[in-house]
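*Asks:* how would this look folded up:
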Amino acid sequence: MIWQFASRYFRAKKSTHAINIIAWVSVAAIAIGAGALIVILSVFNGFEGLVKSLYSSFYPAVKISPVTGKTISLTRAQLDEISSLPGVASFSEVIEEKAVLRFGEDQTIAVLKGVDSHYNQVAAVKDKIVRGRFDVGDDLAYRAVLGIELEAALGVDVERSMVPVDVYVPRRSAGSFMVPNEALNSGVLYPAGTFAIQQEFNSKYVITHIDFMRKLLELQPDQMSALEIATTADADANALRNRLQAALGEQFKVQTRYEQNQALYAIMQTEKWAVYIILSFILVIAAFNMIGSLSMLVIEKQKDITILKAMGARYRLVLRIFLAEGLIIAGIGAALGFGLGTLVCVLQQQFGIIRLEGTSFLVDAYPVSMHPSDFLLVSATIIIIGLAASWYPAKKAAAQSIELKAT
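*Replies:* Residues are numbered from 1 along each chain as shown. I've put the predicted structure just below:
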């Protein structure tokens with residue numbers, strides 16, 4: 001009965017046409033706010049998914065690194081134990097160190113990352129090659145795969161040049177840095193390919209063979225900077241991290257991909273919630289229209305309220321009728337907004353209507369990804385705002401006294 005009264009009040013013509021206009025203005029405002037929230041949240045989801053996919057190309061699912069210092073030592077028995085753990089698909093030993101690179105007259109500082117033959121099973125850098133090929137070489141000739149911005153900074157042409165890049169790193173056993181020949185270890189790398197993932201990696205990393213790094217840094221065969229692990233498709237990375245930590249002890253730091261980039265993911269979530277809160281004010285503004293519309297409706301329906309109370313309707317029943325009226329306005333607006341937002345997102349996914357300016361982006365148009373949780377969040381927000389906006393007019397209607405005039 002409550003919803004029958006509320007829907008009838010919404011549909012029926014009012015003595016003052018402005019009441020209908022304000023009601024539909026409220027619906028339109030809620031629809032615009034709901035649609036805008038869905039579109040913006042979907043764009044944030046799209047960018048978040050894009051960033052995660054880029055970072056997953058370079059960062060492993062699980063990483064074992066030292067708690068202190070630069071290197072860890074893992075025996076063959078420990079590696080075999082790690083390999084036998086449920087959820088471990090593959091692992092790769094890596095060594096990272098900053099170095100000075102010189103090519104002709106150009107030089108820069110970069111991070112050399114030495115990898116073994118299993119690296120392509122752990123990371124997807126091979127799929128991001130844009131020039132040349134992924135080849136780290138062997139004992140006959142060690143090769144380098146450079147980030148695209150690092151390639152430009154050095155002036156290297158990985159497809160045509162056969163000139164090697166000179167590499168210099170501090171010698172661990174050096175007693176003094178006054179004599180360059182005694183203070184530095186050096187080597188040469190032949191450029192083989194260029195990758196393009198994200199600026200943070202493109203301008204910083206050079207991937208080469210792990211044996212080259214061990215020779216350059218004077219490390220033992222069982223020493224490495226980290227062990228990068230790929231998980232099976234059904235593995236729980238957090239559970240695997242806990243198993244690895246228990247097996248290896250506290251002298252090793254075991255991190256999931258999320259923990260390796262915790263600050264980045266936290267920033268993305270903070271930005272998304274900040275935008276959600278800001279855009280929710282559109283719905284709050286729409287709520288003022290609802291208050292005006294429902295207040296005028298209460299005045300319009302004073303006679304009906306008096307009759308209902310004379311027939312035995314209590315305070316709670318009248319209150320719920322006008323609260324339901326507010327929810328109908330909010331619900332129609334939400335449905336229209338969801339339809340509008342979904343249409344915009346689908347058109348953007350299919351045709352890329354709104355494009356990114358410039359030519360340096362990995363995608364041409366704004367990425368969008370609709371999540372059911374966003375629809376639930378916006379629905380809950382609209383319900384709360386609708387109830388809050390309806391409360392005062394509904395309370396006023398419910399508190400109206402019975403005034404029957406004798407004829």
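
*Asks:* who's the closest spatial neighbour of the most centrally placed residue in the chain, skipping the chain neighbours?
*Replies:* Geometric centre of the chain, nearest residue: Glu48, 2.5 Å, by Cα atoms, centre = their mean. Leaving aside its sequence neighbours, Glu48 sits nearest to Met268 (Cβ to Cβ, 6 or more residues apart in numbering; 5.2 Å). For glycine as for every other residue, the C-beta is placed from the backbone atoms N, C-alpha and C.

*Asks:* for whichever strand or helix holds the one you found, name the packing helices and strands.
*Replies:* Using DSSP states H and E, Met268 sits in helix 262-300. In this structure, helix 262-300 packs against helix 17-58, helix 315-351, helix 372-398, with contacts taken as 3 or more Cβ pairs under 8 Å, 6 or more residues apart in numbering; DSSP states H and E.

*Asks:* what mean pLDDT does that helix get?
*Replies:* Taken as a whole, helix 262-300 carries a mean pLDDT of 86.

*Asks:* so where's the stretch 201-350 of the chain shaky on pLDDT?
*Replies:* Along the stretch 201-350 of the chain, segments meeting pLDDT under 70 are nowhere present.

*Asks:* quick revisit: now render the helices and strands packed on helix 262-300 as a markdown table, adding distance to Val67.
*Replies:* Output for the helices and strands packed on helix 262-300, formatted as a markdown table (distance: least, Cβ to Cβ, whole Å):
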| stretch | distance to Val67 |
| --- | --- |
| helix 17-58 | 23 |
| helix 315-351 | 44 |
| helix 372-398 | 36 |
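
*Asks:* of all these, which one is nearest Glu200?
*Replies:* Closest to Glu200 of the helices and strands packed on helix 262-300 is helix 17-58 (Cβ to Cβ; 8.8 Å).

*Asks:* quick one: the closest one to helix 372-398, angle?
*Replies:* Helix 17-58 runs at 160 degrees relative to helix 372-398, counting by axes from the mean of the first three to the mean of the last three Cα atoms, to 10 degrees.

*Asks:* from the chain's centre, how far out does helix 17-58 sit?
*Replies:* Computed by Cα atoms, centre = their mean, to the nearest Å, the chain-centroid distance of helix 17-58 equals 16 Å.

*Asks:* endpoints of stretch 295-311, how far apart?
*Replies:* Start and end residues of stretch 295-311 are separated by 23 Å (Cα to Cα, to the nearest Å).

*Asks:* the lengthiest strand in the chain: partners in the sheet, and parallel or antiparallel?
*Replies:* Counting residues, the longest strand found in the chain (DSSP state E) is strand 88-103. Partner strands and pairing direction for strand 88-103 (DSSP bridges) are strand 106-115 (antiparallel), strand 165-170 (antiparallel), strand 226-231 (antiparallel).

*Asks:* pull out the buried residues from the second one.
*Replies:* Yep, that's strand 165-170 we're talking about. Using 16 or more other Cβ atoms under 10 Å as the test for burial, strand 165-170 gives 165-169.

*Asks:* how much space separates the spatially closest residue to Pro66 that is not a sequence neighbour from Arg171?
*Replies:* The shortest distance from Pro66 to any non-neighbouring residue, by Cβ to Cβ, 6+ apart, is to Ile72 (4.7 Å). For Ile72, the distance to Arg171 (Cβ to Cβ, to the nearest Å) stands at 21 Å.

*Asks:* out of these two, which sits in the busier spot?
*Replies:* Ile72 (21 against 17; other Cβ atoms under 10 Å).

*Asks:* the more buried one bridge partners, please.
*Replies:* Per DSSP bridges, the residues bridged to Ile72 are Met224.

*Asks:* how much space between it and Arg214?
*Replies:* Distance from Ile72 to Arg214, by Cβ to Cβ: 14 Å.

*Asks:* so what sits against both of the two?
*Replies:* Residues touching both Ile72 and Arg214 by Cβ atoms under 8 Å, 6 or more residues apart in numbering: Gln223.

*Asks:* how is the chain divided into domains?
*Replies:* As given by automatic domain parsing, the domain ranges for the chain are 2-55+264-398, 63-259.

*Asks:* check which residues of the longest strand of the chain are buried.
*Replies:* 88, 90-97, 99, 101, 103.

*Asks:* Gly352: what's it in contact with?
*Replies:* Neighbouring residues of Gly352 by Cβ under 8 Å, 6+ apart: 364-366.

*Asks:* and for Ala239, the neighbour number?
*Replies:* For Ala239, the neighbour count with other Cβ under 10 Å is 12.

*Asks:* let me fix that, I meant to ask about Ser373.
*Replies:* 10.

*Asks:* I'd like to know how far it sits from Leu41.
*Replies:* Separation of Ser373 from Leu41 (Cβ to Cβ) stands at 9 Å.

*Asks:* isn't Met370 up against Asn45?
*Replies:* Yes - using Cβ atoms under 8 Å, Met370 is in contact with Asn45, at 7.3 Å.

*Asks:* do a quick rundown of the strands in the stretch 101-250 of the chain.
*Replies:* Assignment of strands within the stretch 101-250 of the chain using DSSP state E, counting those that start in this stretch yields the ranges 106-115, 129-132, 143-147, 165-170, 184-195, 205-209, 223-224, 226-231.
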